[in-house]
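Asker: Kindly generate the corresponding structure for this input.
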Amino acid sequence: MRIAAGPLDWSLVSGWIPLTLLAVGLCALAVLLLSRRRAWWTRLLPAAVLLAALLTWLLRTAVDDWLQPFPDPLPTDVVIWTGAAVLGVCLAVFRMPTLRWKGRLGAVLAGLVVVLLGASEINKHFDQYPTARTALNSWLTKTTRLTDATGPTEPALKVPAGKTVSDVWRPPPDLPKDGTLSRTAIPGTVSHFDARSGYVYLPPAYRATPRPLLPVLVLMAGQPGSPDDWINSGRLVDMMNTFAAEHRGLAPVVVVVDPLGSQFANTLCVDSKLGDVQTYLATDVPDWIRGHLQAATARASWIISGISFGGTCSIQLGVNAPQVYGVVNDISGQEAPTLGSRKKTLDTAFGGDAAAFAKVNPLDVLARERFPDTKAAFVAGSGDSTYGPQQRKVYEAAVKAGMHAEWILLPGGHSWQVWRPGLERQLPWLARQTGLIP
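Answerer: Numbers count the residues shown, from 1 in each chain. Just a heads-up that it's a prediction; the model follows:
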């Protein structure tokens with residue numbers, strides 16, 4: 001792992017930076033609240049607090065009840081810290097008429113500090129950006145043209161039956177230290193799904209001749225989200241380079257794909273009125289990979305994984321497209337694809353047809369079919385009171401359906417505190433299941 005070596009690597013979720021922001025932010029809030037003027041206490045302060053409460057309520061109601069971009073309500077602490085940030089802005093605005101220009105400047109700065117405090121606490125909840133480097137990773141991470149990885153097919157490394165790739169792999173002296181990352185479009189040729197561009201990570205061993213036929217990891221973010229989330233918050237490149245360094249350049253080929261189409265969309269990862277996403281992931285993505293990359297092709301060497309929505313999508317593909325994906329790594333997934341309620345899900349995506357939903361819903365599929373040739377891991381956070389029990393339910397159903405499944409409980413909630421290690425910790429297990437290492 002990267003060693004903290006400078007300001008970009010200082011923690012934003014623990015230690016002195018968030019503690020300082022908490023202290024300074026609360027002081028700024030106190031400065032905005034206090035005044036010697038009678039009119040402030042009798043009229044302006046109550047008006048500012050009332051407005052902040054109203055705006056926070058409207059924001060929460062718009063997100064949870066009207067727009068409903070997420071299947072679950074906003075976490076309580078996220079609403080509280082959002083309200084604190086809104087209050088800071090309202091207090092600064094209402095202080096303006098009572099202050100001279102220097103005081104007004106101070107009020108603006110205090111309001112901005114309170115907003116920064118709210119953002120810091122919300123970031124701590126999701127662990128979205130543990131460091132500044134994580135937040136800036138899109139600009140700091142070097143990408144290469146994918147055409148560097150294609151072209152004439154290299155001779156493939158032959159692996160005898162009963163052996164792993166690692167057993168016969170001999171890294172050449174000039175093997176690159178790190179893998180490469182490329183941003184690329186993966187078109188919906190059959191599904192006609194309009195996906196955003198994804199990413200391809202190729203480990204150092206991919207550059208060798210003869211080329212080992214490496215396993216393929218198809219990876220998805222949550223909702224809301226995008227493929228960039230795995231590059232930034234997930235620190236995917238560092239994670240895979242570290243694994244490759246520990247295994248003489250060997251690591252899975254990783255293809256980060258987009259099953260949403262836009263930041264706040266929820267396609268349910270099925271073929272429905274919302275888009276033919278199952279076809280995209282089960283046909284278009286595999287066809288594109290086979291046409292552009294030289295990797296293992298057997299289902300036993302293909303992994304489908306994701307977080308939250310992407311985790312749910314992973315088990316959906318595992319049971320609805322088992323001919324493609326033989327290994328599943330479901331991180332913090334739900335028990336079923338949902339738009340917030342069963343009725344809304346059925347009406348919006350399936351025209352009210354419960355049988356069409358049951359045809360693709362993982363728990364229904366697991367109840368009626370067997371999957372003795374599928375291996376699956378289910379990762380949940382010990383503090384995830386909403387998704388953890390759902391994940392456990394799916395795991396138990398998978399075991400009953402004959403899957404070779406394992407249950408992993410990690411410290412943390414429904415956040416990157418669990419999602420990042422939910423892949424990193426699983427990499428050796430995934431590599432063993434796909435025949436990469438013993």
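Asker: low pLDDT regions in the protein?
Answerer: Low-confidence segments of the chain, defined by pLDDT under 70: 1-5, 147-153.
Asker: repeat that with 50
Answerer: 1-4 (pLDDT under 50).
Asker: now the strands: where do they sit in it?
Answerer: 180-184, 198-202, 216-220, 253-256, 271-272, 275-276, 302-307, 327-331, 375-381, 404-410 (DSSP state E).
Asker: now the ones you listed in CSV, with mean neighbour count?
Answerer: From N, CA and C alone the C-beta is placed, and that goes for glycine too. Output for the strands of the chain, formatted as CSV (neighbours: other CB atoms under 10 Å):
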stretch, mean neighbour count
strand 180-184, 19
strand 198-202, 25
strand 216-220, 27
strand 253-256, 26
strand 271-272, 20
strand 275-276, 22
strand 302-307, 29
strand 327-331, 29
strand 375-381, 26
strand 404-410, 17
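Asker: any chance of these in a markdown table, with distance to residue 112 too?
Answerer: Formatted as a markdown table, the strands of the chain follow (distance: least, CB to CB, whole Å):
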| stretch | distance to residue 112 |
| --- | --- |
| strand 180-184 | 33 |
| strand 198-202 | 34 |
| strand 216-220 | 35 |
| strand 253-256 | 34 |
| strand 271-272 | 44 |
| strand 275-276 | 40 |
| strand 302-307 | 32 |
| strand 327-331 | 35 |
| strand 375-381 | 33 |
| strand 404-410 | 35 |
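Asker: can you pull the contacts of residue 211?
Answerer: 154-157, 205, 294 (CB atoms under 8 Å, 6 or more residues apart in numbering).
Asker: what about 7 Å?
Answerer: 154-157, 294 (CB atoms under 7 Å, 6 or more residues apart in numbering).
Asker: what does residue 247 give?
Answerer: By CB under 7 Å, 6+ apart, the residues touching residue 247 are 166, 437.
Asker: That one and residue 21, how far apart?
Answerer: Going from residue 247 to residue 21 by CB to CB, to the nearest Å gives 39 Å.
Asker: what's the answer for residue 143, then?
Answerer: 32 Å.
Asker: From the neighbour counts alone, determine which of the two ranks first.
Answerer: For residue 143 and residue 21, the more surrounded residue by other CB atoms under 10 Å is residue 21, and the numbers stand at 20 against 15.
Asker: Identify the residue spatially nearest to the more buried one, adjacent ones excluded.
Answerer: Spatial nearest neighbour of residue 21, excluding adjacent residues (CB to CB, 6 or more residues apart in numbering): residue 120 at 4.6 Å.
Asker: count of neighbours near the one you found?
Answerer: 20.
Asker: now swap in the one 4 residues further on and tell me
Answerer: As a burial measure, the neighbour count of residue 124 was computed by other CB under 10 Å and equals 21.
Asker: For it, list the residues it contacts.
Answerer: 13, 18.
Asker: Buried residues of the longest helix anywhere in the chain, list them for me.
Answerer: Using DSSP state H to define each element, the chain has its longest helix at helix 101-126. Using 16 or more other CB atoms under 10 Å as the test for burial, helix 101-126 gives 106-107, 110-126.
Asker: cool, stretch 132-145 as well?
Answerer: 132-135, 137, 141.
Asker: before we move on, what about stretch 201-209?
Answerer: 201-208.
Asker: what's the first-to-last distance across it?
Answerer: 18 Å (CA to CA, to the nearest Å).
Asker: Ok, stretch 87-106 next?
Answerer: End residues of stretch 87-106 are separated by 16 Å (CA to CA).
Asker: same deal with stretch 168-183?
Answerer: With CA to CA, one end of stretch 168-183 sits 31 Å from the other.
Asker: Touching that stretch from outside, list them.
Answerer: Under the criterion CB under 7 Å, 6+ apart, residues 141, 143-146, 149, 157, 159, 197, 199-205, 207-208, 212, 237, 240-241, 244, 248-251 lie in contact with stretch 168-183.
Asker: how about a cut-off of 8 Å?
Answerer: Contacts of stretch 168-183 (CB under 8 Å, 6+ apart): 141-146, 148-149, 157-160, 197-209, 212, 231, 236-237, 240-241, 244-245, 248-251.
Asker: And for stretch 98-110?
Answerer: Taking CB under 8 Å, 6+ apart as the rule, stretch 98-110 contacts 28-29, 31-32, 35, 37, 39-40, 44, 88, 91-92, 95-96.
Asker: so which of the residues you listed is the most crowded?
Answerer: residue 88 leads these on contacts (other CB under 10 Å) with 27 neighbours.
Asker: how close does the closest residue to that residue other than its chain neighbours get to residue 320?
Answerer: Excluding its sequence neighbours, the residue lying closest to residue 88 (CB to CB, 6+ apart) is residue 114, at 2.6 Å. Using CB to CB, one gets 47 Å for the distance from residue 114 to residue 320.
Asker: ok, now residue 222?
Answerer: Counting by CB to CB - residue 222 and residue 320 are separated by 20 Å.
Asker: what's the answer for residue 400, then?
Answerer: Taken as CB to CB, the span from residue 400 to residue 320 is 18 Å.
Asker: More neighbours: which of those two?
Answerer: Each of residue 400 and residue 320 has its neighbours counted (other CB under 10 Å); residue 320 has more, 22 against 12.
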